[in-house]
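1. Starting from these lines, generate the structure:
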Amino acid sequence: MTKKIVITGIGASTPIGGTARESWEALLAGESGARSLEHDWVQELQLPVTFAAEAKVRPDSVLDRPVAKRLDPSSQLALVAAKEAFADAGSPEIDPERLGVDFSTGIGGLWTLLDAWDTLRERGPRRVLPMTVPMLMPNAPSAAISMHFEARAYARTVAAACASSTEALVNAYEHLQAGLADVVLAGGSESAIHPLTLAAFSSMQALSRRNDDPATASRPYDVSRDGFVMGEGAAVLVVETEEHALARGAKIYAELAGGGVTADSYHITAPEPEGLGASRAVHMALEAAGATPDEVTHINAHATSTPVGDVAEVRALERVFGERVREIPVSATKAAHGHLLGGTGALEAIFTALAVQERQAPPTINVTEQDPDAPLRISNAPMPLGDEPQLAVSNSFGFGGHNAVIAIRSV
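-> A predicted model of the protein is given here:
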């Protein structure tokens with residue numbers, strides 16, 4: 001028998017807010033987290049892109065210093081978001097062997113790895129920190145969360161580029177259905193705003209170069225879009241069976257109704273242009289939710305603001321929803337918070353849950369002339385969703401042809 005899985009806690013540290021609720025309010029207000037970078041290395045290395053969307057609140061200012069020192073920034077952000085989410089869920093009392101962690105990252109402890117390399121070259125092997133490997137490994141955020149909350153059911157890590165944390169949520173859904181845990185901390189984190197990644201993404205012409213106006217650089221579906229904006233942060237959702245949530249009197253934001261994961265097997269960076277794999281993931285999520293495309297009332301699009309990627313996603317949505325895709329309120333929230341890579345799907349899942357709960361789709365900022373090849377219903381202001389039951393899908397697609405989609409239903 002299929003179990004009903006619900007979202008009972010949310011936590012986030014993002015470019016537009018230090019908490020999930022602050023981030024949501026900033027999103028509704030149309031704020032942007034993209035800013036010029038104030039680091040010496042920007043000018044020293046003559047980077048072609050001089051802005052990004054850094055976390056608004058530095059995680060080492062929130063965590064105790066001894067804890068922060070032993071964690072890469074990606075793990076710091078993960079722990080900050082997890083602590084908020086667990087507290088928001090009412091700090092459930094649970095057998096540690098029934099508490100699981102499904103986490104993710106796209107790149108992992110990049111700052112730790114590259115700082116250690118600099119130390120080795122400049123100061124020799126004896127000065128490389130003994131905690132370097134435990135700090136840089138991709139499973140470090142999952143391990144940090146597991147150890148902090150004594151989650152012993154399991155602590156798993158997904159690395160599927162920009163689809164990572166949505167895939168982690170699909171895994172959490174499936175693990176709860178399988179009875180591997182009663183409560184799961186699920187999400188993702190990323191802290192990869194580094195000169196190397198900025199240079200590399202810029203070299204492949206994936207980043208916007210609007211250095212003179214960072215706040216308007218991410219422009220999903222706009223005819224003048226020229227690439228995404230690097231972001232950093234973390235987002236965590238507490239998900240559990242409805243039976244467990246009701247038994248402990250938990251508040252419920254929304255239902256995590258289903259998920260789907262597919263692969264394009266097409267190109268290492270470019271999406272399959274007709275949206276075949278992406279549309280299949282949407283269908284799988286709706287099938288798991290016991291729903292049809294006609295029931296969907298809101299879409300949180302991946303929409304990174306790249307010329308090719310945005311249109312490929314539109315093709316996928318047209319495959320699923322047909323002409324009706326022009327009527328469904330669509331939000332492309334990366335325009336505000338940037339692209340958090342492995343952390344972005346979980347953040348957008350939080351925004352999607354709040355959208356169906358509060359009956360309003362968040363705005364898509366910076367669209368001044370909508371691309372005729374992307375005939376979607378978007379708005380630079382929040383859009384009301386109505387009083388009827390809501391069903392939304394949230395899409396995430398990543399380099400390597402990874403597609404992950406979740407369905408979220410109002411309760």
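
2. would you list every one of the helices in the stretch 251-400 of the chain?
-> Counting by DSSP state H, counting those that start in this stretch, the stretch 251-400 of the chain forms helices over residues 276-288, 307-321, 334-337, 344-358, given from the N-terminal end onward.

3. scratch that, the stretch 1-150 of the chain
-> Listed in chain order (using DSSP H, counting those that start in this stretch), the helices of the stretch 1-150 of the chain are 20-28, 40-44, 65-69, 73-88, 110-123, 132-136, 140-149.

4. could I have the fourth one exported to CSV, CA atoms only?
-> Spelled out, it's helix 73-88. The C-alpha trace of helix 73-88 is given here as CSV (Å, rounded to 0.1, in the frame of the first residue of the first chain):
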residue,chain,number,x,y,z
PRO,A,73,31.4,25.8,3.8
SER,A,74,29.1,23.3,1.9
SER,A,75,28.8,21.3,5.1
GLN,A,76,28.4,24.4,7.3
LEU,A,77,25.5,25.5,5.1
ALA,A,78,23.9,22.1,5.2
LEU,A,79,24.1,21.9,9.0
VAL,A,80,22.6,25.4,9.4
ALA,A,81,19.7,24.5,7.1
ALA,A,82,19.1,21.1,8.8
LYS,A,83,19.0,22.5,12.3
GLU,A,84,16.4,25.0,11.2
ALA,A,85,14.3,22.4,9.4
PHE,A,86,14.4,20.0,12.4
ALA,A,87,13.5,22.7,14.8
ASP,A,88,10.7,23.8,12.5
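
5. Against which helices or strands is that helix packed?
-> In terms of contact count using 3 or more Cβ pairs under 8 Å, 6 or more residues apart in numbering; DSSP states H and E, helix 73-88 is assigned the packing partners strand 5-13, helix 20-28, helix 110-123, helix 140-149, strand 183-190, strand 233-241. In short, each C-beta sits where N, CA and C put it, glycine included.

6. Which one of these lies nearest to Glu38?
-> The stretch from these with the least distance to Glu38 (Cβ to Cβ) is helix 110-123; that distance is 16.6 Å.

7. Could you measure from Tyr266 over to Gly277?
-> For Tyr266, the distance to Gly277 equals 8 Å [Cβ to Cβ, to the nearest Å].

8. which neighbours do those two share?
-> Counting by Cβ atoms under 8 Å, 6 or more residues apart in numbering, the contacts common to Tyr266 and Gly277 are Gly401.

9. Now do the contacts for the nearest residue to Ala89 once chain neighbours are set aside.
-> Nearest residue to Ala89, sequence neighbours excluded (Cβ to Cβ, 6 or more residues apart in numbering): Gly9, at 2.8 Å. The neighbourhood of Gly9, defined by Cβ under 8 Å, 6+ apart, consists of 85-90, 236-238.

10. How about Pro307?
-> With Cβ under 8 Å, 6+ apart as the criterion, the residues that contact Pro307 are 225-227.

11. if we go to 10 Å?
-> Under the criterion of Cβ atoms under 10 Å, 6 or more residues apart in numbering, the neighbours of Pro307 are 205, 223-227, 371, 373.

12. burial count for Asp118?
-> When neighbours are defined as other Cβ atoms under 10 Å, Asp118 has 9 of them.

13. quick one: it from Arg315, how far?
-> Per Cβ to Cβ, Asp118 is found 43 Å from Arg315.

14. which one is the residue most central in space within the chain nearest to, not counting chain neighbours?
-> Taking Cα atoms, centre = their mean as the criterion, Thr344 is the residue nearest the geometric centre of the chain, at 1.8 Å. If the residues on either side of it in the chain are set aside, Thr344 comes closest to Cys162, at 6.2 Å by Cβ to Cβ, 6+ apart.

15. phi, psi of that neighbour?
-> Its backbone dihedrals place Cys162 at phi -80, psi 0, with angles given as degrees, to the nearest 10.

16. wait, it sits on Phe228?
-> Yes: because the distance of 9.3 Å satisfies Cβ atoms under 10 Å, Cys162 is recorded as touching Phe228.

17. joint contacts of the two?
-> With contacts taken as Cβ under 10 Å, 6+ apart, Cys162 and Phe228 have 304, 309, 334, 339, 341, 344 as neighbours in common.

18. Quick check on these: which are buried?
-> The neighbour-count test (16 or more other Cβ atoms under 10 Å) marks 304, 309, 334, 339, 341, 344 as buried among those.

19. Who are the contact partners of the first one?
-> With contacts taken as Cβ under 10 Å, 6+ apart, Thr304 has the following neighbours: 162, 206, 208, 218, 220, 225, 227-229, 310, 313, 332, 334-335, 338-339, 344, 397.

20. Then the fourth one?
-> Taking Cβ under 10 Å, 6+ apart, we find His339 in contact with 52-53, 106, 162, 190, 201, 206-207, 218, 227-232, 302-306.

21. How much space separates it from Val320?
-> Using Cβ to Cβ, we find His339 at a distance of 23 Å from Val320.

22. and of the helices of the stretch 251-400 of the chain, who's closest to Val183?
-> With distances scored as Cβ to Cβ, the stretch of the helices of the stretch 251-400 of the chain nearest to Val183 is helix 344-358 (16.2 Å).

23. Tell me who's in contact with the residue nearest to the centre of the chain.
-> If you count contacts by Cβ under 10 Å, 6+ apart, Thr344 has them with 14, 106, 162-166, 188, 190, 228, 231, 233, 235, 302, 304, 333-334, 337-338, 396, 398.

24. ok, 8 Å please
-> For Thr344, the contacting residues are 162, 165, 188, 190, 231, 334, 337, 396, taking Cβ under 8 Å, 6+ apart as the criterion.

25. With distance to Arg409 and pLDDT added, can I get these in TSV?
-> TSV is the format used below for the contacts of Thr344 (distance: Cβ to Cβ, whole Å; pLDDT from 0 to 100):
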residue	distance to Arg409	pLDDT
Cys162	24	98
Ser165	19	98
Gly188	22	98
Glu190	28	98
Gly231	27	98
Lys334	23	98
His337	24	98
Ser396	18	98
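
26. what's the span of stretch 221-235 from first residue to last?
-> The first residue of stretch 221-235 is 25 Å away from its last residue (Cα to Cα, to the nearest Å).

27. Of the contacts of Gly9, which is the nearest to Pro363?
-> Leu237 (22.2 Å).

28. isn't the closest one right up against Tyr173?
-> No: in this structure, Leu237 sits apart from Tyr173 without contact. The criterion is Cβ atoms under 8 Å, and the distance is 10.7 Å.

29. Among these two, which residue is more densely surrounded?
-> Neighbours were tallied for Leu237 and for Tyr173 using other Cβ under 10 Å; the higher tally belongs to Leu237 (33 against 25).
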